[in-house]
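A.B. asks: heads up, no residue letters with this:
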């Protein structure tokens, strides 16, 4: 599975946030390239977990919707009576 490819603008914004985090929380400066490399690493490592969680969430939503549809279909049934 290939990892997420971000648009350049989003990637630059995330790199700025990483740089800000390093500066504020760790009192370290990292450059643009180091920030991009860290972001690429994090995306590569986290993508399978995030993808699997998204799939699990989607299965849950679909399951709930199918149960709702099934209930609606039962509600549409007509009572079967024998002719008199």
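C.D. replies: That came through, no problem. Note that the structure is a prediction, hence the values are computed from the model and not measured.
A.B. asks: Packing partners of the helix or strand of the chain with the lowest mean pLDDT?
C.D. replies: Here the helix or strand of the chain ranked lowest by mean pLDDT, DSSP states H and E is helix 32-76, holding a mean of 95. Packed against helix 32-76, as judged by 3 or more C-beta pairs under 8 Å, 6 or more residues apart in numbering; DSSP states H and E, are the following elements: helix 8-26. For glycine as for every other residue, the C-beta is placed from the backbone atoms N, C-alpha and C.
A.B. asks: Now do the helix it packs on and helix 32-76, the angle between them.
C.D. replies: 110 degrees (axes from the mean of the first three to the mean of the last three C-alpha atoms, to 10 degrees).
A.B. asks: Quick one: list the elements packing against helix 8-26.
C.D. replies: Helix 8-26 packs on helix 32-76, going by 3+ C-beta pairs under 8 Å, 6+ apart.
A.B. asks: Run the chain-centre distance for the helix it packs on.
C.D. replies: Distance of helix 32-76 from the chain centroid (C-alpha atoms, centre = their mean, to the nearest Å) equals 5 Å.
A.B. asks: check contacts around residue 35.
C.D. replies: 15-16, 18-19, 22 (C-beta atoms under 8 Å, 6 or more residues apart in numbering).
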